[in-house]
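A.B. asks: one predicted model, sequence on top.
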Amino acid sequence: MTSLISKAPTLTPAQSQVAKSRHRFRVLNAGRRFGKTILAVEEMIGYAVFKNDRNVCYIAPTFQAARDIAWDYLKKRLAPIATNINESRLEIIIPTKEGGTSRIVLRGWEAVENLRGQKFDFIVIDEVAMVRHFWVGWNDILSPTLVDTRGHALFISTPKGFNHFFELYNQEQKDQNFKSFHFTTYDNPNIPKDEIDRERATKPEDSFAQEYLADFRKMEGLVYKDFSRNRHIFDGNTQRRETVSRLVGVDWGWNNPSAVILIEKDSDGHYWVSNEWYKREQTTEQIIEWTRGLKSNAVYPDPAEPDRIQLMKNAGLNVRDVSKDVVAGIDTVRELLKQGRLHIHKDCVNTIAEFETYRYEESRPDKNEPEKPVKDNDHALDALRYVLHMDAQLADVYDEEDVKVYGLTDY
């Protein structure tokens, strides 16, 4: 019956390189119009028809995006053999070469929580750079769905600054299960080269490089433009002065991640972000328990939830007041970055990703320049700001000599 399937398109040489790879987790960084959707659909069909009872899942940033990007093409390819096509749920049941059936489903990342506890043989995540809280969704929800089947995954995207997709693209340096591929729009022979050249001539250099050459570039409108991986990230080999205080920032969450950030201040007034806890659906008790385990001198929690703060105090934590002045707090963090006094451990991937994506709204001619950033990609940075701004204010009160004489290591 599978012989009735409509003829598959011939993959381009670049697409074939990805398809032939036997690595369990493949990361495709490609320019616009490279042919990412065609590759994704053909791979999903291949996984689904090969054996019985295969569960294949395609995930776009939203459910509507999944419908717009892949659904029509997938239906067209499978219409001759599909035993059931569910338009409302975006699910297709197809026969396999072994005589049974398999299922392909399309989902949106905004409801990724609904995939918790399911089982898949193959997952495609499209436009990875566009999804929110990627590492939480992948580590806590999606990766476990592949355990029973030893399933595979294909991650596809065009870059969007140095965010979580950049980290994912470089994962092959840490994990031999990962393999990364980089192709530009020029690598699709079906796209006229002169059209790509026209785009190149009319677009800003950074925009063209990111969208068509799939080059990682800094996003426009970043709040922390001075953040640099070369200058501000450290590892276990970095030389440091002795730690004089351990400070913790807490940003409450539930649907959004809760962030607990440990910052070690050294005797030279440098701040070292050495640990991050970044999880969704964590109770106040779980957050307090994790914070207590960090054995800090002081805790700076989000002031927006006084009831939770009181529970922290009841638990014996040394809770300090936090300023609600977002703009002043951002200025403090910026100044520390400029001075080279703020350092982020390389394993704090969510904090790093937020530094590279936290931005202002796009400026408009009819409006003043925005002062406050977009309320997104900011959970770890909020926790960080609570600590640094308040500690910097206290440092202005007690000079370095006071610290040495009176031992004011936790202010």
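C.D. replies: That came in fine, so what should we check first?
A.B. asks: now do the strands in the stretch 51-200 of the chain.
C.D. replies: 55-60, 84-86, 91-95, 101-108, 122-125, 152-157, 178-183 (DSSP state E, counting those that start in this stretch).
A.B. asks: quick one: strands adjacent to the shortest one?
C.D. replies: According to DSSP bridges, strand 84-86 has the following sheet partners: strand 91-95 (antiparallel).
A.B. asks: any chance of the strands of the stretch 51-200 of the chain in JSON lines, plus distance to D235?
C.D. replies: Yep, even glycine has a C-beta here, placed from its N, CA and C like the rest. As requested, the strands of the stretch 51-200 of the chain are exported to JSON lines (distance: least, Cβ to Cβ, whole Å):
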{"stretch": "strand 55-60", "distance to D235": "32"}
{"stretch": "strand 84-86", "distance to D235": "49"}
{"stretch": "strand 91-95", "distance to D235": "45"}
{"stretch": "strand 101-108", "distance to D235": "36"}
{"stretch": "strand 122-125", "distance to D235": "28"}
{"stretch": "strand 152-157", "distance to D235": "25"}
{"stretch": "strand 178-183", "distance to D235": "20"}
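A.B. asks: possible to save those strands as CSV with distance to I309 and mean pLDDT?
C.D. replies: Formatted as CSV, the strands of the stretch 51-200 of the chain follow (distance: least, Cβ to Cβ, whole Å; pLDDT from 0 to 100):
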stretch, distance to I309, mean pLDDT
strand 55-60, 37, 98
strand 84-86, 47, 95
strand 91-95, 45, 96
strand 101-108, 35, 97
strand 122-125, 37, 98
strand 152-157, 39, 98
strand 178-183, 41, 98
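A.B. asks: wait, which of these is closest to D215?
C.D. replies: Checking the strands of the stretch 51-200 of the chain against D215 by Cβ to Cβ gives strand 178-183 as the closest, at 8.9 Å.
A.B. asks: break the chain into its domains for me.
C.D. replies: As recorded under automatic domain parsing, the domains making up the chain are 2-211, 229-406.
A.B. asks: about what we covered before: and the strands of the stretch 51-200 of the chain as TSV, adding mean neighbour count and distance to N190?
C.D. replies: Shown next, in TSV, are the strands of the stretch 51-200 of the chain (neighbours: other Cβ atoms under 10 Å; distance: least, Cβ to Cβ, whole Å):
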stretch	mean neighbour count	distance to N190
strand 55-60	24	22
strand 84-86	13	28
strand 91-95	20	26
strand 101-108	21	24
strand 122-125	25	21
strand 152-157	23	18
strand 178-183	19	13
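A.B. asks: now do the helices in the stretch 51-200 of the chain.
C.D. replies: Secondary structure of the stretch 51-200 of the chain (DSSP state H, counting those that start in this stretch): helices at 63-66, 72-78, 134-136, 164-169, 193-202.
A.B. asks: nearest to G269, out of the ones you listed?
C.D. replies: Taking the helices of the stretch 51-200 of the chain one by one with Cβ to Cβ, helix 164-169 is closest: 29.2 Å.
A.B. asks: helices and strands around that closest one, which ones?
C.D. replies: Other elements packing on helix 164-169 under the criterion 3 or more Cβ pairs under 8 Å, 6 or more residues apart in numbering; DSSP states H and E are strand 25-30, helix 134-136, strand 152-157, helix 349-355.
A.B. asks: so for the second one, what gets flagged as buried?
C.D. replies: The neighbour-count check on helix 134-136 (16 or more other Cβ atoms under 10 Å) flags 134, 136 as buried.
A.B. asks: same for it, what does it pack against?
C.D. replies: helix 164-169, strand 271-279, helix 349-355.
A.B. asks: TSV for those, including distance to L294?
C.D. replies: Shown next, in TSV, are those (distance: least, Cβ to Cβ, whole Å):
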stretch	distance to L294
helix 164-169	24
strand 271-279	7
helix 349-355	15
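A.B. asks: mean neighbour count, mean pLDDT and distance to S207 added to those, as CSV?
C.D. replies: Listed next are these as CSV, based on neighbours: other Cβ atoms under 10 Å; pLDDT from 0 to 100; distance: least, Cβ to Cβ, whole Å:
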stretch, mean neighbour count, mean pLDDT, distance to S207
helix 164-169, 23, 92, 17
strand 271-279, 22, 96, 30
helix 349-355, 24, 91, 21
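A.B. asks: for the chain, longest helix please?
C.D. replies: helix 379-397 (DSSP state H).
A.B. asks: chain center to it, what's the gap?
C.D. replies: Taking the mean of its C-alpha atoms, helix 379-397 sits 24 Å from the chain's own mean (Cα atoms, centre = their mean, to the nearest Å).
A.B. asks: now stretch 95-102
C.D. replies: Using Cα atoms, centre = their mean, the offset of stretch 95-102 from its chain centre is 36 Å.
A.B. asks: is it correct that H343 falls within a strand?
C.D. replies: Yes - counting by DSSP: H, G, I helix; E, B strand; the rest coil, H343 is part of a strand.
A.B. asks: tell me, how many residues neighbour it?
C.D. replies: Neighbourhood size, H343 [other Cβ atoms under 10 Å]: 21.
A.B. asks: residues touching it, list them.
C.D. replies: Neighbour list for H343: 232-234, 238, 270-273 [criterion: Cβ atoms under 8 Å, 6 or more residues apart in numbering].
A.B. asks: can you pull the pLDDT of it?
C.D. replies: pLDDT for H343: 97.
A.B. asks: let me know the helix or strand that E335 is in.
C.D. replies: helix 326-339 (DSSP states H and E).
A.B. asks: what helices and strands are in contact with that helix?
C.D. replies: By 3+ Cβ pairs under 8 Å, 6+ apart, helix 326-339 packs against helix 379-397.
A.B. asks: now the helix it packs on against strand 271-279, angle please.
C.D. replies: 150 degrees (axes from the mean of the first three to the mean of the last three Cα atoms, to 10 degrees).
A.B. asks: which strands and helices sit next to helix 379-397?
C.D. replies: strand 243-251, strand 258-266, strand 271-279, strand 298-301, helix 326-339, helix 349-355.
A.B. asks: so which of those gets nearest N318?
C.D. replies: strand 298-301 (5.0 Å).
A.B. asks: one step back: for the contacts of H343, which one is nearest R33?
C.D. replies: Out of those, the member with the shortest distance to R33 (by Cβ to Cβ) is I233, at 33.6 Å.
A.B. asks: what about the closest one, how many residues nearby?
C.D. replies: Neighbours of I233 using other Cβ under 10 Å come to 18.
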